[in-house]
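In: dropping a prediction and its sequence here:
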2 protein chains.
Amino acid sequence: MAVYTEVSDEDLIAFVAEYDIGEVLSCKGIAEGIENTNYLLATGAGTFILTLYEKRVDPSDLPFFLGLMEHLALQGVPCPVPVKGRDGQTLRRLAGRPAAIVTFLDGMWPRKATADHCAALGAALARMHVAGQDFQLRRANGLALGAWRGLLEKCLAHADEVRPGLAAALTAELDHLEACWPRDLPAGVIHADLFPDNVFFHHGQVSGLIDFYFACWDIFAYDVAICLNAWCFEPGNSFNVTKARRLLSNYRRVRAFSDAEIEALPLLARGGALRFLLTRLYDWVHTPKDALVTRKNPIEYWDKLRFHQGVKSAGEYGLT
Amino acid sequence: MAVYTEVSDEDLIAFVAEYDIGEVLSCKGIAEGIENTNYLLATGAGTFILTLYEKRVDPSDLPFFLGLMEHLALQGVPCPVPVKGRDGQTLRRLAGRPAAIVTFLDGMWPRKATADHCAALGAALARMHVAGQDFQLRRANGLALGAWRGLLEKCLAHADEVRPGLAAALTAELDHLEACWPRDLPAGVIHADLFPDNVFFHHGQVSGLIDFYFACWDIFAYDVAICLNAWCFEPGNSFNVTKARRLLSNYRRVRAFSDAEIEALPLLARGGALRFLLTRLYDWVHTPKDALVTRKNPIEYWDKLRFHQGVKSAGEYGLT
């Protein structure tokens, strides 16, 4: 939620001149996206998003992210399309940073997701999974199971300050997940961060999936599990099974679940909860208390993890 | 540089339905403006700025600000125009805040202001002063001379930590300004905060003056003095007399300076420097050191104040 890199007007005009999108009319920093600097760029040809990639993005991953968006858009997935310069390239440099221009998508992300939103999301997620299957580039999930132990160890000393007993409980949970994590489930390109603020709706339809900067190669059903965590809990962290049923049933109309995926879903949901719990806990214990940034409370994901620990089968998510 | 108030999609759609500007296509928080929440709003009718007024703005001042922008725009000053709802009103409420929609202006603010920018600014400032003369509402300057003593007293205990001797120097300066501040100079509506980020340019012309939320009734030449401080110093705080000459000579082509204004200009420039020094110093000593907000260094304005203290006449600003 910040502009980390300022761009001078001269630099911007020279940068945009590399494209066939007309001249710059205006350029305003937008307060969305945590990791990168995003500008809303108006030119003679329309409106675009200009992104400057900041330090938390590995430049060597950018061909994967930009190539994926182009690939998905060509398959009809509503996502930003990287704009090519006159040289055919989508990635160049601006103000000392890697930078790209992508198309602007109409729509708003839902501040209060409804069951109808969840239904539309399920279908859109499945279409994205199918569309990504013939994408040729690969990127490992930097926040997969193998990374959680290291994250947890950096938080253990302070975890019990957040909630008494949390350190031991998270250690036991991770031991369990490491022992039982499924190996051979269908995998492909997943979004890995498809929270409501990354999904635009217009007239009740999904009009855009954005922010592919955690996208990677991992288990499809794990992406579904992340969405169950992000979309199907109410304020107070009660689970809304209607939302989950609509999400899952609309997903499987586009891409069928295997029996193994259905069986693994509660475990994957525990993993998805732990992954976000750990990154939030890490930020919580490493951000000064009086810093004027909003630290997301990790306890929200502790509550979600506890819910999934009590789930015996995917039927409790409404999947029959 | 923040979105302080989030707006739900339902609330936004209902709000925009009060206007004849088509349906909402998108709405993105923009990272400009420190005091209020600003969204870039796209509708079927085009692009607008939606502002939610936060706690630092007194709601009773809003009819002045919105009325002034409408008045100036009708006189041909390029500034945002408040959009009227079907009920004829420009001010309503959204998400518990006073809110208004204004027109969007093309152009970019200059990250590196040149002498040409200063020349165009001078003429635009004078046109704004002339255009505001028959505006009927009044608003006192809340950060005029009378407010500086109180600000200074809240900073005195920590001023010498910023620079040894600063407390005594600022006290002496304020004593001098209080004794000598001119009384009968031409006055009217001034912008009072016309820094480069509040002036948009397109093809070298001023395409927009924005952010009228410090506008008030005060001495015209004091507004000019604020611009000398904000536009005519180089990095390192050396004074660029070419920029000042271009600003002042283009101003006086539109609105003539009286002899008394010319004589008072160095003192007004000291006052303008002290006003921004004091608000920056106040923020500096009252913001935690590790807060992730950019505190503007008050010492920049100490250097500017010292420069103006050595100026004997407006001729040193290039005014002959």
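Out: On my side now, so go ahead.

In: would you map the helices across the stretch 101-250 of chain A?
Out: A:115-131, A:145-162, A:166-180, A:220-231, A:241-254 (DSSP state H, counting those that start in this stretch).

In: buried residues in the longest one, which are they?
Out: It refers to helix A:145-162. Neighbour counts over helix A:145-162 (16 or more other CB atoms under 10 Å in any protein chain shown) mark A:145, A:148, A:151-152, A:155, A:159, A:162 as buried. Backbone N, C-alpha and C define where each C-beta goes, glycine included.

In: Serialize the residues you listed to a markdown table and add fields for distance to A:D9.
Out: A markdown table is the format used below for the buried residues of helix A:145-162 (distance: CB to CB, whole Å):
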| residue | distance to A:D9 |
| --- | --- |
| A:L145 | 47 |
| A:W148 | 45 |
| A:L151 | 41 |
| A:L152 | 46 |
| A:C155 | 43 |
| A:A159 | 48 |
| A:V162 | 45 |
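
In: which of those residues are close to chain B?
Out: Filtering these for proximity to chain B by CB under 8 Å from any CB of the partner chain leaves nothing.

In: of those residues, closest to B:P298?
Out: B:P298 has its nearest neighbour among those in A:V162, at 37.6 Å by CB to CB.

In: how far away is that closest one from B:L62?
Out: Using CB to CB, to the nearest Å, A:V162 is found at 42 Å from B:L62.

In: contacting residues for the residue nearest the centre of chain A?
Out: Nearest to the mean C-alpha position of chain A, counting by CA atoms, centre = their mean, stands A:D193 at 1.7 Å. Neighbouring residues of A:D193 by CB atoms under 8 Å, 6 or more residues apart in numbering or on different chains: A:211, A:213-214, A:226.

In: recalculate using a threshold of 7 Å.
Out: Counting by CB atoms under 7 Å, 6 or more residues apart in numbering or on different chains, A:D193 touches A:211, A:214.

In: how many degrees apart are the lengthiest helix in chain A and helix A:166-180 in direction?
Out: Using DSSP state H to define each element, chain A has its longest helix at helix A:259-286. Per axes from the mean of the first three to the mean of the last three CA atoms, to 10 degrees, the angle that helix A:259-286 makes with helix A:166-180 is 150 degrees.

In: which elements pack onto the helix or strand that comes right after helix A:259-286?
Out: The helix or strand immediately downstream of helix A:259-286 is helix A:299-309, counting by DSSP states H and E. Judged by 3 or more CB pairs under 7 Å, 6 or more residues apart in numbering or on different chains; DSSP states H and E, helix A:299-309 is in contact with helix A:259-286.

In: what is the neighbour count of A:L12?
Out: Other residues near A:L12 come to 19 when the count uses other CB atoms under 10 Å in any protein chain shown.

In: which SS class is it?
Out: helix (DSSP: H, G, I helix; E, B strand; the rest coil).

In: which ones are touching it?
Out: A:24, A:27.

In: same question, A:C155
Out: A:278, A:281-282, A:285.

In: now the residues you listed as JSON lines including neighbour count?
Out: As requested, the contacts of A:C155 are exported to JSON lines (neighbours: other CB atoms under 10 Å in any protein chain shown):
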{"residue": "A:L278", "neighbour count": "24"}
{"residue": "A:L281", "neighbour count": "29"}
{"residue": "A:Y282", "neighbour count": "17"}
{"residue": "A:V285", "neighbour count": "17"}
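
In: before we move on, the earlier item: ok now the longest helix of chain A, how far from the chain's centre?
Out: 13 Å (CA atoms, centre = their mean, to the nearest Å).

In: quick check, it touching chain B?
Out: No: applying CB under 7 Å from any CB of the partner chain, one finds helix A:259-286 separated from chain B by no less than 12.4 Å.

In: same for that helix, what does it pack against?
Out: Counting by 3+ CB pairs under 7 Å, 6+ apart, helix A:259-286 packs on helix A:145-162, helix A:166-180, helix A:220-231, helix A:299-309.

In: now what about the last one, what contacts it?
Out: To tie it back to what came earlier, the one meant is helix A:299-309. For helix A:299-309, contacts defined as CB under 7 Å, 6+ apart pick out A:162-163, A:166, A:173, A:229, A:233, A:237, A:239, A:266, A:269-270, A:273-274, A:276-277, A:280.

In: mind redoing it with 6 Å?
Out: Counting contacts by CB atoms under 6 Å, 6 or more residues apart in numbering or on different chains, the residues outside helix A:299-309 that touch it are A:229, A:233, A:237, A:239, A:266, A:269-270, A:273-274, A:276-277.

In: pLDDT weak spots in chain A?
Out: Chain A contains residues with pLDDT under 70 at A:1-2, A:33-34, A:288-295.

In: can you pull the domain assignment for it?
Out: Per automatic domain parsing, the structural domains of chain A span A:9-103, A:115-317.

In: quick one: end-to-end length of the first one, please.
Out: Okay, so that is domain A:9-103. Across its full length, domain A:9-103 reaches 21 Å between end residues, using CA to CA, to the nearest Å.

In: got it, and the last one?
Out: When the termini of domain A:115-317 are compared using CA to CA, they are 13 Å apart.

In: so what's the gap between it and the chain middle?
Out: Remark: domain A:115-317 is offset 9 Å from the chain centroid, using CA atoms, centre = their mean.

In: same question for the shortest one.
Out: For domain A:9-103, the separation from the chain centroid amounts to 18 Å (computed by CA atoms, centre = their mean).

In: which residue packs closest to A:S258, ignoring adjacent ones?
Out: Of all residues not flanking A:S258 in the chain, A:P186 sits nearest, at 6.4 Å (CB to CB, 6 or more residues apart in numbering or on different chains).

In: for stretch A:55-74, which positions count as buried?
Out: Those would be A:57, A:61-62, A:64-73, for stretch A:55-74 by 16+ other CB under 10 Å.

In: pick the most buried one from the helices of the stretch 101-250 of chain A.
Out: Neighbour counts (mean count of other CB atoms under 10 Å in any protein chain shown) averaged over each of these peak at helix A:220-231, with a mean of 26.

In: so what secondary structure elements neighbour that one?
Out: On a contact count with 3 or more CB pairs under 6 Å, 6 or more residues apart in numbering or on different chains; DSSP states H and E, helix A:220-231 meets helix A:259-286.

In: give the buried residues for the helix it packs on.
Out: A:261-262, A:264-282, A:284-285.

In: same thing with stretch A:37-49?
Out: Neighbour-count burial for stretch A:37-49, with 16+ other CB under 10 Å as criterion, is recorded at A:37-43, A:47-49.

In: need the contact partners of that stretch.
Out: With CB under 6 Å, 6+ apart, stretch A:37-49 has contacts from A:3-5, A:21-30, A:50-52, A:101-102, A:104, B:40.

In: pull out the buried members of the residues you listed.
Out: For the contacts of stretch A:37-49, a burial check counting by 16+ other CB under 10 Å picks out A:3, A:5, A:21, A:24-30, A:50-52, A:101-102, A:104, B:40.

In: let's see which of those residues end up in strands.
Out: Per DSSP state E, strands hold the following members of the buried ones among the contacts of stretch A:37-49: A:24-29, A:50-52, A:101-102, B:40.

In: tell me which of those is nearest to A:N141?
Out: Using CB to CB, these come closest to A:N141 at A:T51, 21.5 Å.

In: how far away is the closest one from A:I219?
Out: In this view, A:T51 and A:I219 are 28 Å apart by CB to CB.

In: check A:W302 too.
Out: Taking CB to CB, one finds A:W302 at 23 Å from A:I219.

In: ok, A:G67 next?
Out: From A:G67 to A:I219 the distance is 21 Å (CB to CB).

In: bridging residues for A:I30?
Out: Beta-bridge partners recorded for A:I30 (DSSP bridges): B:I30.

In: need the contact list for it.
Out: Residues near A:I30 by CB under 6 Å, 6+ apart: A:38, A:40, B:28, B:30.
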